[in-house]
Every structure is written in structure tokens, then in C-alpha cells.
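**Student:** coordinates only, sequence not included:
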């Protein structure tokens with residue numbers, strides 16, 4: 001679905017800040033499933049936290065991403081997703097070896113995925129992001145490979161101010 005645009009890439013690379021900027025500009029946005037799951041798990045059993053059980057976390061992220069897609073169908077215009085189904089499927093495949101990417105390959109997004117590259121100068125861990133930069137970079141490389149293997153064009157976002165990043169995306173999509 002061409003109007004569904006994925007922001008993916010390196011953890012701590014500025015995706016959530018960029019999503020907020022796109023929302024401020026009037027675009028529909030979908031928050032990252034992982035952050036929502038971590039918040040729910042902190043309030044509950046904590047069994048599906050990614051650092052406790054990555055497979056359980058990824059399975060929940062897949063279900064949430066599928067629901068996000070259904071919810072986005074009711075939205076008008078371009079919808080920006082902070083991560084999504086492919087990110088979750090890549091995590092499940094990494095955790096279990098299950099061929100999850102191809103199981104969800106038919107659930108298409110815009111053919112261009114915008115990737116935040118590793119940006120050590122802004123990377124910061126927190127209670128919800130407990131992995132280090134090296135793990136974040138390894139995840140980024142897996143995601144880049146996953147999107148390309150599914151036929152997406154990965155557009156690397158420049159390391160510039162958030163407003164200019166939003167301008168860059170909107171120009172690339174012909175929405176500027």
C-alpha cells in the first residue's frame with residue numbers, strides 16, 4: 001500500500017522524533033509497536049520484554065503491527081509508521097529462525113522505506129531501550145537486509161535536524 005510509509009533503521013536514530021514532526025505537520029502516524037509493548041509489559045507481567053523473551057516480544061509486535069495496518073486503512077492520506085510488520089517479522093526470524101519475513105511479505109508498504117542510520121552522537125539507552133549501540137547497529141544491518149530482500153528501496157536518512165529530515169522524506173515522496 002503506497003500510502004503506508006515505514007520509518008525504520010537503527011534504534012536510537014531519531015525515528016520517534018521524526019514521527020512526531022510528521023504528525024505535527026498534519027500527517028497520520030502510527031507509534032512503534034515495540035515501545036507500546038514495553039510500556040504494557042512494565043505495567044503487567046514483563047514476560048514479553050525484548051530482553052526477557054525476544055520471540056514473545058516479536059510475536060506481540062507482529063500482532064500489533066497487523067492491527068496497526070487495519071487501523072490505518074480507515075485513515076486518509078499518507079500514514080507514517082515508526083517501524084512496523086517487517087521490523088517485527090525480522091526480529092522473530094532473528095530470535096527463532098522461523099521464516100517470518102516471507103510469511104508477511106504480501107503485506108506491502110510504500111516501496112521506499114526510510115532508514116535511520118546508526119548515529120552514535122544521539123544514541124542513548126533508557127529503561128525501554130536496554131541494548132547497547134553495537135546491538136542497535138547489528139539490528140539495523142538485519143533490517144536493511146530484510147527490507148532489501150523483500151524488494152523495498154532503502155533510502156538512508158541524512159544525519160540532519162529533524163525538520164530537515166521531514167522535508168527530505170516529503171520531497172522524496174512528492175508531498176512537499
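**Tutor:** That came through fine. Here the structure is a predicted model, which means the values were calculated and not measured.

**Student:** rest of the way, CA atoms for contacts and neighbours
**Tutor:** Noted.

**Student:** so how far is the helix or strand of the chain with the lowest mean pLDDT off the chain centroid?
**Tutor:** Within the chain, no helix or strand scores below helix 33-43, which has a mean of 75 by mean pLDDT, DSSP states H and E. Distance, stretch centre to chain centre, for helix 33-43: 15 Å (C-alpha atoms, centre = their mean, to the nearest Å).

**Student:** just the buried positions in that helix, please.
**Tutor:** Neighbour counts over helix 33-43 (16 or more other C-alpha atoms under 10 Å) mark 33, 34, 37, 38, 41 as buried.

**Student:** list of residues touching whatever helix or strand residue 164 lives in?
**Tutor:** Residue 164 belongs to helix 162-172 when assigned by DSSP states H and E. Defining contact as C-alpha atoms under 8 Å, 6 or more residues apart in numbering, one finds that helix 162-172 is touched by 14, 17, 18, 21, 22, 114, 157, 158, 159, 176.

**Student:** can you tell me the closest non-neighbouring residue to the last one?
**Tutor:** In this case it means residue 176. residue 170 (5.0 Å; C-alpha to C-alpha, 6 or more residues apart in numbering).

**Student:** again with the third one
**Tutor:** Nearest non-adjacent residue to residue 18, counting by C-alpha to C-alpha, 6+ apart: residue 162, 5.8 Å away.

**Student:** one more: the first one?
**Tutor:** Nearest in space to residue 14, with sequence neighbours left out and distances taken as C-alpha to C-alpha, 6+ apart, is residue 116 at 6.9 Å.

**Student:** burial measure for that neighbour, as a count.
**Tutor:** 24 (other C-alpha atoms under 10 Å).

**Student:** contacts only, for it.
**Tutor:** 7, 8, 9, 10, 13, 14, 15, 156, 157, 158.

**Student:** ok, the last one to residue 112 distance?
**Tutor:** Residue 158 sits 15 Å away from residue 112, going by C-alpha to C-alpha, to the nearest Å.

**Student:** looking at those two, which has the bigger crowd around it?
**Tutor:** Neighbours were counted for residue 158 and for residue 112 using other C-alpha under 10 Å; residue 112 has more, 21 against 14.

**Student:** so who does that one touch?
**Tutor:** By C-alpha under 8 Å, 6+ apart, the contact list for residue 112 reads 5, 6, 152, 153, 154, 155.

**Student:** now swap in residue 142 and tell me
**Tutor:** Taking C-alpha under 8 Å, 6+ apart, one finds residue 90 in contact with residue 142.
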